[in-house]
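>>> have a look at this prediction, sequence included:
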Amino acid sequence: MTLRPHNPPLLSVKDLRIAFGDVQAVHGLSFDIHRGETLALVGESGSGKSATALSILRLIEREGGRINGGSIRLGTIDPVEITTLPAAALRALRGDRIAMVFQEPMTSLNPVMRIGQQMMETLRLHRGLGGAEARSAARAALDRVMIPDPGRRLDQYPHELSGGLRQRVMIAMALACEPEVLIADEPTTALDVTTQAEILTLLRDLQRDMGMAVLFITHDLGVVAEIADRVVVMQKGRKVEEARTPALFAAPRHAYTQELIDASPRLGTGAPAPLKGARTLLEVRNLSTSFGGTSLLSRTAPTPVVRDVSLTLGRGETLGLVGESGCGKSTLARSVLRLIEPTSGVVALDGTPITGLSPKALKPHRARIQMVFQDPYASLNPRMSIRDLVTEPAFLHGVARGSDRAALAADLLTRVGLPAEAADRYPHQFSGGQRQRICIARALSVRPAIIVADEAVSALDVSNARRITDLMADLQRTEGLSFLFISHDIAVVERVSHRIAVMYRGEIVETGLTNEVLRAPQHPYTRRLLAAVPKGAPLRLTGTPARAHPETV
Amino acid sequence: MAAYLLRILVKMVITLFAILTITFIATRLSGNPIDTFLGEGLTAEGRATLIAYFQLDRSLWHQYLAFLRAAASGDFGLSFVERRPVTEVVAHRLWPSAQLLLTSVGLTLLVSIPLGVLAAVYRKSWIGSVVMVVAFAGYAVPAFILAIVMILVFSYTLNWLPVVGNGTAAHFIMPTIALSGVLIAALTRFTRNAMLDVLGQEYIRTARAKGLSEFWVVMRHGFGNASITVISVIGLQIASLAAAGSVVVESIFSWPGIGQLLVNAAIVRDYPVLQFGVITVAVAVVLINAATDIAYALADPRIRLAQS
């Protein structure tokens, strides 16, 4: 590619090959990063981008992989060859010249060590600082990432901090020794949009101040547009395209890049047209749910998680429920299904209140409202065949018995776009996206009127997420299903929802037709939420015009 | 932390009360002690006098309250055999048992934790396999077999070690090994599994990415977290050691501890001694569990801080 400036690169990866056992994960990848530059490595899960990141620090060997070809050189003058570096020299380089920030802030910090201790061990190791010196350096590092009250944070443990603060601590720790290269592996994927926006701004400012090179790994093109100077697109362990960010979005050369761009959810692409005169199917009135409360040994006050929520869902309608993690979305969904007992309020299904029904009286209503969960890996029993899995609800409700189950399974799998033969297989033989289809098939088995999808596409990469939301729209069109679609990603919600409800700290702060809420948000929180979404300005250039929903054509 | 300690204390008091009650009921279930102990040759008159003296003609409730009242003032009765307060008889045996327990726990920790960590770190090499095979074999050998084999080899054949009593340091060697054998095997396996679990966590990757040495990563970040799980198991295992293991091992080596006392008291039907001996062991188990709870909280800030 013809993008390289004349000065030599700081980090140069050439023809890198990585294998896990007999499986070749990366086939000859090459790219350069220069001082002060941010390079984004983009691709869907399994494309080899994280393996590449881990190889640069040679951490891949600890994860069961190995580098079986190519070179990784660090430094402009007299570069070091990382692939053959002895262990001691490698350790001296890790955390000092190259530092790394990981995806999951909740599990990437040691839970039994104070924040200060964890930061100071890096400073002691690479800078030889001890005692008060190390402490003040750690404090300065926390100050740099703008953590409020840094002195106190040093003595806190990770579990006392929110996800956003922990990710700041991770960044502070990585930058403590002012590395030349920072590798950030999906650093904002586990965060809310508002927190994500703060972390991206922080990274950009820090890079400007410190002049380091950043390798930013992500599957989110919105984030790429925000932060990257150049982009390398990976597919199945190969580089399919490399370009400057604006050029990539303006004129993607490879078909796969175009596909990724098309699949990326972005705001302003238009919501499904509002439904007129849809009959109300589900009505929630003044629902509240609290956790905890007085028991024999503790006398803590109950914590209200859902407060006085009212909403309605019409037949064939999708209601999008957005809000940040911890705002009570999932608790609301579970309360509506009475998986959790609400403290007060009424849930009515087709005019019949189901709150207050005995478990036995509730059972027939349970079939009418089904749920699809976030984690497709954890929500399928690995020891059950797909046939048994997808027909289990029908079996429990007495809809299908014995030989009916095989026919039902074949029918359900075809409806979610999987081959009927899949019934004989087991969950581990399927990818994340396919598993989520299986979960949907399972929900469909009892002919529900409503499906509650709780972050059902959040664990999937953009391409798979797009396929799943398309499937939901198809099912809605052909079978008249209603969806309560819960997500923290407002762009995804826009694409699927007729109406939208914004949740904040246990309350619905705003509700209305999707286009109206997004165009003219009334509540300050909604405005903040919208402002935080990566704008992805270059995306607009290729943005497709607002879609007309097939129902309105 | 204060609230946490208070909760442990309340739990202890409730458990102790339950122990006293269960011991009381269990003793009453075994029939009239006058008949069992004094048996034939007692005149009806003399029997009636004794029953009245021990208040066995009163209601169970009355006897129960009297028992609790006496217990509160430290009076658990007289030994039938030795004719002195059972508290005195048992107190005499406390220190030898405690000594043996401490050396056994010490040996267990010294051996099983390093072995478990090694087995986890070298799980794919022969080192890990050897440790696991030995641990598995050790787990399958009961304490009394281990004791008898050791006596045969080191005392009877080689004449290196004394068998009976607790006079010198050499006396400690075989009982300590016999008592800790199974525990070492169990704890080695447990430490290994806890370490394997922890070493796969993401914060271990973070620690490596910082450039820390592998030893520091494994010990400070790995074992620092694995120790939480290990502690919870140690507590349970030591408690079973104190209760069951010591009875067997002390009998074999004629160790003058509570375990041996319990066996002897059961043979001669010295019920007051048996009753108080059981209470003492139960109290020891409760104290060990409380100590475990505290150690657990000290190792894990999430528990320590959540409770305050």
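All right, it came through fine.
>>> alpha carbons only for contacts and neighbour counts from here, please
Fine.
>>> domain ranges for chain B?
Chain B breaks down into these structural domains: B:31-75, B:93-268 (assignment by automatic domain parsing).
>>> check whether the last one comes near chain A.
I take that to be domain B:93-268. Yes - judged by Cα under 8 Å from any Cα of the partner chain, domain B:93-268 and chain A are in contact via B:201-206, B:208-213, B:221, B:224-225.
>>> which pLDDT value belongs to residue 224?
Let's take chain A. Note on residue A:224: pLDDT of 90.
>>> not what I meant, chain B
With respect to pLDDT, residue B:224 has a value of 91.
>>> with just CA atoms, put the helix or strand harbouring it into CSV.
Under the criterion of DSSP states H and E, residue B:224 resides in helix B:224-240. Backbone C-alpha positions of helix B:224-240 (Å, rounded to 0.1, in the frame of the first residue of the first chain) are rendered in CSV as follows:
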residue,chain,number,x,y,z
GLY,B,224,-2.9,-14.5,46.3
ASN,B,225,-6.2,-15.3,44.7
ALA,B,226,-6.1,-19.1,44.9
SER,B,227,-5.4,-18.9,48.7
ILE,B,228,-9.0,-17.7,49.2
THR,B,229,-10.4,-21.0,47.9
VAL,B,230,-7.7,-23.0,49.6
ILE,B,231,-8.4,-21.4,53.0
SER,B,232,-12.1,-22.4,52.9
VAL,B,233,-11.1,-26.0,52.3
ILE,B,234,-8.3,-26.1,55.0
GLY,B,235,-10.9,-25.0,57.6
LEU,B,236,-13.2,-27.9,56.9
GLN,B,237,-10.4,-30.4,56.6
ILE,B,238,-8.7,-29.4,59.8
ALA,B,239,-12.0,-29.6,61.6
SER,B,240,-12.5,-33.2,60.5
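>>> what packs against that helix?
helix B:169-199, helix B:271-299 (3 or more Cα pairs under 8 Å, 6 or more residues apart in numbering or on different chains; DSSP states H and E).
>>> give me whichever of those helices is most buried.
helix B:169-199 (a mean of 22; mean count of other Cα atoms under 10 Å in any protein chain shown).
>>> what strand or helix carries whichever residue of the stretch 401-550 of chain A sits closest to chain B?
Nearest residue of the stretch 401-550 of chain A to chain B, counting by Cα to the nearest Cα: residue A:459, 18.1 Å away. Residue A:459 is part of no helix or strand, with elements assigned from DSSP H and E.
>>> now do residue B:112
Per DSSP H and E, residue B:112 falls inside helix B:86-121.
>>> do residue B:14 as well
Assigned by DSSP H and E, residue B:14 falls in helix B:2-29.
>>> by contact count, what packs against that helix?
Counting contacts by 3+ Cα pairs under 8 Å, 6+ apart, helix B:2-29 is packed against helix B:60-72, helix B:271-299.
>>> distance to chain A and mean pLDDT added to those helices, as TSV?
Formatted as TSV, the helices and strands packed on helix B:2-29 follow (distance: least, Cα to the nearest Cα, whole Å; pLDDT from 0 to 100):
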stretch	distance to chain A	mean pLDDT
helix B:60-72	26	85
helix B:271-299	7	87
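>>> make a markdown table from these and add distance to residue B:233 to it.
Putting these into a markdown table (distance: least, Cα to Cα, whole Å) gives the following:
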| stretch | distance to residue B:233 |
| --- | --- |
| helix B:60-72 | 32 |
| helix B:271-299 | 9 |
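>>> between those, which one is closest to residue B:105.
helix B:271-299 (11.9 Å; Cα to Cα).
>>> run the angle between the closest one and helix B:60-72 for me.
Interaxial angle, helix B:271-299 versus helix B:60-72 (axes from the mean of the first three to the mean of the last three Cα atoms, to 10 degrees): 60 degrees.
>>> which helices and strands sit right next to helix B:271-299?
Applying 3+ Cα pairs under 8 Å, 6+ apart, we find helix B:271-299 packed against helix B:2-29, helix B:86-121, helix B:224-240, helix B:258-268, helix B:301-306.
>>> picking that back up, would you mind listing the buried residues in the helix holding residue B:112?
For helix B:86-121, a neighbour-count test (16 or more other Cα atoms under 10 Å in any protein chain shown) marks B:86-87, B:89-90, B:93-94, B:96-97, B:100-101, B:103-105, B:107-109, B:112-113, B:115-121 as buried.
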